[in-house]
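Colleague: sequence plus predicted model, see below.
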Amino acid sequence: MKILITGGAGFIGSHVVRLFVTKYPNYQIFNLDKLTYAGNLQNLTDIEDAPNYTFIKGDITDQEYINGLFQEHQFDAVMHLAAESHVDRSITDPMAFVRTNVNGTCNLLHAAKELWKSDFTDKVFYHISTDEVYGSLGEEGMFTEETKYDPRSPYSASKASSDHFVRAYYHTYGLPVKVSNCSNNYGPNHFPEKLIPLALNNIKNNKPVPVYGKGENIRDWLYVIDHARAIDDVFHKGKEGDTYNIGGVNEWRNIDLIHLLCDIMDQKLDREPGTSRKLITFVTDRAGHDLRYAIDSSKIMNELGWKPSVTFEEGLEKTVDWYLQNEEWLQNVTSGSYQEYYNEQYAR
Ligand code: NAD
Ligand code: TYD
């Protein structure tokens, strides 16, 4: 089977690519990535020479290019992760999110439909999406697969739009699609613009740790490798046309999480208890900041047998250790020098 994984050089995509390349040696994995600021091939150095792995540098917003790529490689399945993924960036540059997340997804849907239209048997178009499409919760309740879409940021609106197009291709053309909507991920390879890696990097470097508003917003955190395992389950066992919510059952107020990160870092860096908490700096709140996300994962747990493999304590320990042991990775991504890796390895 030839599988196209888009966005495989990013945070979640790199874990999905590694899992599929190593677990399924009979699959041919093609990783299509534009290598934006968020794409980093150093996330995949351990598998870059695997015989069943091919990297392709390309842009999903280029419709002609995407059509040609599908015709050239005759993919059997698509796992679509490429996206602009940061809410704060979507507030300053919403059109970039429309181009990649909406137009890019439609280009892939169209190319898959054209390639497969004579026979959809055994084909899969799997869209990896976010729980943010459901909007913001109050103090009670959880998002289920039936929750009405109510996106509030340009990021979540672009992901909601792309989810709608995926389902429209299922209902209109019979394209065999699957969708999953996941809560906030954390773990190795996470770009330090998102809360956990940004806080760890700043604590390490004795820089201010920005907390938006009062830090009362709540997120449900899932270890990235458990998300990759869930994606494996949905890809292989999920029902055509269905949606699966994936979450950690692990809600944290931002301020409590940041306190925890500060305390772990004090221990790891042999600092006096309380030292890192002094770096916490309350800053102006994000515009339209969603109060709370929480996911009901009972469908994927009951129907596909998935459950997280690590507790939050174990996952955070692995994550903190990874960031402390991968100083070079952090320095490269903060200086931008990781973007030269493609030219050294591939563009010879
Ligand atoms: P990321 O920003 O780390 O990676 C995105 C990848 O897509 C990068 O490698 C980037 O180079 C690539 N890309 C961006 N624009 C492209 C384009 N036009 N053409 C080709 N490649 C392009 O994102 P992530 O956090 O790994 O998220 C992956 C997917 O999972 C996204 O669709 C996101 O919406 C979804 N998701 C993320 C989270 C989370 O907590 N990070 C949670 C749920 C769902
Ligand atoms: P983020 O990691 O950007 O993910 P998302 O907005 O998709 O949930 O942010 C997680 C939470 O942390 C969110 O409530 C915003 C908040 N936050 C801060 O308080 N400070 C920061 O520096 C960042 C990046 C986020």
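Modeller: That came through, no problem. Ligands and ions are numbered 1, 2, ... in the order given.

Colleague: angles on the backbone of residue 144, please.
Modeller: Per-residue torsions, residue 144: phi -110, psi 180 (degrees, to the nearest 10).

Colleague: any regions of the stretch 101-250 of the chain where pLDDT drops low?
Modeller: Within the stretch 101-250 of the chain, the set of residues satisfying pLDDT under 70 is empty.

Colleague: what separation is there between residue 336 and residue 347?
Modeller: Separation of residue 336 from residue 347 (Cβ to Cβ, to the nearest Å) stands at 17 Å. For the C-beta atoms, the positions are set from N, CA and C on the backbone; glycine is no exception.

Colleague: quick check: residue 220 is in a helix.
Modeller: No. For residue 220, which was evaluated using DSSP: H, G, I helix; E, B strand; the rest coil, the result is strand, with no helix membership.

Colleague: count the residues that sit near it.
Modeller: In terms of burial, residue 220 registers 23 neighbours under the definition other Cβ atoms under 10 Å.

Colleague: look up the residues forming beta bridges with it.
Modeller: residue 251 (DSSP bridges).

Colleague: contacting residues around it?
Modeller: With contacts defined as Cβ atoms under 8 Å, 6 or more residues apart in numbering, the neighbours of residue 220 are 131, 183, 184, 247, 248, 249, 250, 251, 252, 293, 294, 295.

Colleague: mind listing which of those residues are in strands?
Modeller: If you go by DSSP state E, the contacts of residue 220 have 184, 251, 252 in strands.

Colleague: can you dump the C-alpha coordinates of the helix or strand harbouring residue 266 into CSV?
Modeller: Residue 266 belongs to helix 254-268 when assigned by DSSP states H and E. Coordinates of the C-alpha atoms in helix 254-268 are reproduced here as CSV (Å, rounded to 0.1, in the frame of the first residue of the first chain):
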residue,chain,number,x,y,z
ASN,A,254,-3.0,26.8,32.3
ILE,A,255,-1.7,28.4,35.5
ASP,A,256,-1.7,25.1,37.3
LEU,A,257,0.1,23.4,34.4
ILE,A,258,2.7,26.2,34.3
HIS,A,259,3.3,25.9,38.1
LEU,A,260,3.8,22.1,37.6
LEU,A,261,6.3,22.7,34.7
CYS,A,262,8.2,25.3,36.8
ASP,A,263,8.4,22.8,39.8
ILE,A,264,9.6,19.9,37.6
MET,A,265,12.3,22.1,36.0
ASP,A,266,13.5,23.3,39.4
GLN,A,267,14.1,19.7,40.4
LYS,A,268,15.7,18.7,37.1
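
Colleague: got a list of contacts for the helix or strand following that helix?
Modeller: Past helix 254-268, heading to the C-terminal end, the next element that is a helix or strand (DSSP H and E) is strand 280-283. Among residues not part of strand 280-283, those counted as contacts by Cβ under 8 Å, 6+ apart are 208, 209, 210, 211, 212, 213, 214, 215, 255, 258, 259, 262.

Colleague: name the helix or strand for the third one, please.
Modeller: Okay, so that is residue 210. Taking DSSP H and E as the definition, residue 210 sits inside strand 209-212.

Colleague: adjacent strands (with direction) for that strand?
Modeller: Strands adjacent to strand 209-212 in the sheet, as given by DSSP bridges, are strand 280-283 (parallel).

Colleague: residue contacts, whichever residue of the chain sits closest to ligand 1?
Modeller: Taking Cβ to the nearest ligand atom as the measure, the point where the chain comes nearest ligand 1 is residue 10, at 2.1 Å. Residue 10 makes contact with 33, 38, 39, 40, 43, 81, 82, 85, 189, 191 under the criterion Cβ under 8 Å, 6+ apart.

Colleague: out of those residues, which touch ligand 1?
Modeller: 33, 38, 39, 81, 82, 85, 191 (Cβ under 6 Å from any ligand atom).

Colleague: JSON lines for those, including secondary structure and neighbour count?
Modeller: Written out in JSON lines, the entries for the ones next to ligand 1 among the contacts of residue 10 read as follows (DSSP: H, G, I helix; E, B strand; the rest coil; neighbours: other Cβ atoms under 10 Å):
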{"residue": "33", "secondary structure": "strand", "neighbour count": "28"}
{"residue": "38", "secondary structure": "coil", "neighbour count": "22"}
{"residue": "39", "secondary structure": "coil", "neighbour count": "23"}
{"residue": "81", "secondary structure": "coil", "neighbour count": "24"}
{"residue": "82", "secondary structure": "coil", "neighbour count": "29"}
{"residue": "85", "secondary structure": "coil", "neighbour count": "24"}
{"residue": "191", "secondary structure": "coil", "neighbour count": "18"}
